[in-house]
Each structure stands twice: as C-alpha cells, then as structure tokens.
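Participant: please find the sequence and the predicted model below.
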Amino acid sequence: MIEEKPRISGEMTGEGGTAVPAALYLFPVPLSDSSKIGDVLPPANAELLRGIRHFLVENVRSARRFIKRVDPSIDVNLMTFTVLDEHTRPEEVESMLEPLQNGEPMGVISEAGCPAVADPGADAVAVAQRRGLKVVPLVGPSSILMALMGSGFNGQSFAFNGYLPIEAPKRAAKLREMENRIRRERQTQIFIETPYRNNKLIAELSRSLPGQLRLCVASDITGKGERIVTRPLSQWAKANYDYGKVPTIFLLFN
C-alpha cells in the first residue's frame, strides 16, 4: 500500500509570466512531421510547456525536438527529462513523480499521439491517481480515435488490440477472436502493425478472413500523405496499394 505524502500546493511561472498550477499534464504530440503545430495542437498547450520544468518522456531526443518545434525560444537545457518507456519497471515510476509531490507541475510526453493511450505514460497517471494528485489530459491528435472517426465503423463499441501476435497459431486465433466479436457484438476491432509489414498484413487479412468483412486502412493521419480508405476485404485482395514504412491504423468491421 502506498502511503500518500502531504501534498504541497504550488505552481510554476512560465517564460511568458503565466503561472502553471501543480498537476500532471499529458501533452499530445503531432502524429506527422509534416503537420503544422498550429493545425493539431491548441496554443494553450504551448503556454503550459513554457511553465513546466520536469517531464516524463518516452524518448528524450524526440521530446526535446517536440518542445523546440512548439516554441523555438524555449530553453530545453533548463528542463529535466526522465525516461518512462516500455522497459521501465513499475516500482521505478513512483519516485519519478517526486517534483509533482513537492508541488511542481510535471508533463508527460509520448513519441507521437496522446500519452497514456497505448503508451507507457499510463503508469505515471496510475500512480498520480493513487496518490490523489491532479491529472490534466490536454487536447491533441489521437491516431486511434481519428482512424475510427474516418472509418465509417461502429464508434459506440470498439476495442484497440495493439499489435497482433507474431506466432502463426496465436495470430490466427486472434483474427478468429476479432471476427467473432465483430459478428456477436458488432464491435469495431482496431489494431496496428510494424510499418514495414503493413502491406503483408493487408494481404494476410484478405486471405484469412471472409471477403465481406470491411477493412479500413488509415495511414499518415494529419500528414500530407493522409489516406483513410474503407473497402471489403474482397476488394483489398485485388487492389494496388503501398503502405510500407508509413504509420498506419487498421480497423475491421462487418
């Protein structure tokens, strides 16, 4: 059981003079390098970034690059970055929130999209919630939700499955499970693949599943090459496409 320390009320003042109340701020990151910051993130996010000095990040280099992209005048050398990624042990996360526990605002930055959604940042949010510390999710792009919005599929019942299993028997079983949930529950099934294997996945789905099932392929969301295409698998089997090396979300529905 975690013993909650006394909370200290505090705030930091940003470079523009704006006070930032103590909380764990979840900063979304653009999904594409080609998208303009102002097109995908509100100005309020930049104002908050200027007033926070402590960050939990999935990757230090990409986090520093993101902050400079938001506002080149920010001196990232005055900030501290602690890595919170898939290799971080759960017992290490609690000490990472010490600045917040002491009354200073903190930020969480993923490599792309929304932190804590299919992202290690969820571990920091869980600790903050257990300790009764304030958590503030900020507005920004989510590839999962934006793909669902553009698919034409059921947006009231859906499941994000992450990566499909690599081993053939487990992979086949997962595909059957998703097909059954689509038919029984009318639940949209969402998943991802390593970008260089995108084309192989589409071909595999076309071979393995009934042709009347519909597949939506949502690629380079918010980027210059954005494509969101929904077709029956029978049509994907005959289509010409190339999604190699492009971040892509896959959705299946009846």
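Facilitator: Everything's here; your move.

Participant: ok, and what's touching the longest helix seen in the chain?
Facilitator: Assignment by DSSP state H gives helix 168-185 as the longest helix of the chain. If you take C-beta atoms under 8 Å, 6 or more residues apart in numbering as the criterion, helix 168-185 is touched by 157, 159, 161, 164-165, 187-189, 191, 205, 208-210, 213, 252-254. (Glycine included, C-beta is placed from N, CA and C.)

Participant: repeat that with 7 Å
Facilitator: Residues outside helix 168-185 that contact it (C-beta atoms under 7 Å, 6 or more residues apart in numbering): 157, 159, 161, 164-165, 187, 189, 208-209, 213, 252-254.

Participant: of those residues, which is the most crowded?
Facilitator: L252 (24 neighbours; other C-beta atoms under 10 Å).

Participant: in terms of helices and strands, where is that one?
Facilitator: Using DSSP states H and E, L252 sits in strand 248-253.

Participant: parallel or antiparallel, list what pairs with that strand.
Facilitator: Partners of strand 248-253 in the sheet, by DSSP bridges, are strand 188-192 (antiparallel), strand 214-219 (antiparallel).

Participant: between the ones you listed, which one is nearest to G132?
Facilitator: strand 188-192 (32.4 Å; C-beta to C-beta).

Participant: output the contacting helices and strands for the helix or strand following the closest one.
Facilitator: Per DSSP H and E, the first helix or strand lying C-terminal to strand 188-192 is helix 198-208. Other helices and strands packing on helix 198-208, by 3 or more C-beta pairs under 7 Å, 6 or more residues apart in numbering; DSSP states H and E, are helix 233-236.

Participant: ok, back up a step: and of the strands paired with strand 248-253, who's closest to R131?
Facilitator: Distance to R131, taken as C-beta to C-beta, is lowest for strand 188-192 among those, at 31.5 Å.

Participant: centre of the chain to that closest one, how far?
Facilitator: Distance of strand 188-192 from the chain centroid (C-alpha atoms, centre = their mean, to the nearest Å) equals 14 Å.

Participant: tell me where the protein has helices.
Facilitator: In the chain, the helices defined using DSSP H lie at 37-40, 43-50, 60-70, 90-96, 98-101, 121-130, 143-151, 168-185, 198-208, 233-236.
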